[in-house]
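Asker: Pasting the sequence and the predicted coordinates here, then a few questions.
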Amino acid sequence: MPVELKIAAFGALLLLVHIFAAVHLKTKQYGRNWNVGARDEALPALNPVAGRLARAQANFQETFPIAIVALLGVVLADRTNSWTALGGWIWLGARIIYLPLYGFGVPVVRTITFVISLIGLCMVLKPLLFG
């Protein structure tokens, strides 16, 4: 099995971590009735940490489809190589580091980590775009 598929699967697990981390703190703030309810009511703003984890989740959900296209694309196009594998691992590692950095409110390093994740994605996308 190509390593890029394994990286995509780990990315899916990381998405679950994002979801559960954000929902856990939302539930702590809003209560269990909110969690199991229809969530129709207007709510006060999230506390800072819960808000940061919700934004980190949204950021990951915005970029994960790009990673899926890149990782699955190189496999389907038979364009995998050591650089696509390295790029995938760089993307995944940076995204794993990004979540606690965002959660703890670390400003500059978080942005640098995000840029590193994009560099990893570009490494995976390059063979799809430029052969």
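Answerer: Good, I have the coordinates.
Asker: I'd like to know which elements the worst-scoring helix or strand of the chain on mean pLDDT is packed against.
Answerer: In the chain, the helix or strand scored least confidently by mean pLDDT, DSSP states H and E is helix 32-36, which has a mean of 91. If contacts are counted by 3 or more CB pairs under 8 Å, 6 or more residues apart in numbering; DSSP states H and E, helix 32-36 sits against helix 3-30. The C-beta positions use only the backbone N, C-alpha and C, and glycine is treated the same way.
Asker: Counting neighbours, which bits of the helix it packs on end up buried?
Answerer: Across helix 3-30, burial judged by 16 or more other CB atoms under 10 Å covers 3-4, 7-8, 10-11, 14, 18, 21-22, 25-26, 29-30.
Asker: Closest one of these to residue 37?
Answerer: Residue 37 has its nearest neighbour among those in residue 30, at 9.3 Å by CB to CB.
Asker: In this structure the closest one contacts residue 43, no?
Answerer: Yes: counting by CB atoms under 8 Å, residue 30 touches residue 43, with 6.0 Å between them.
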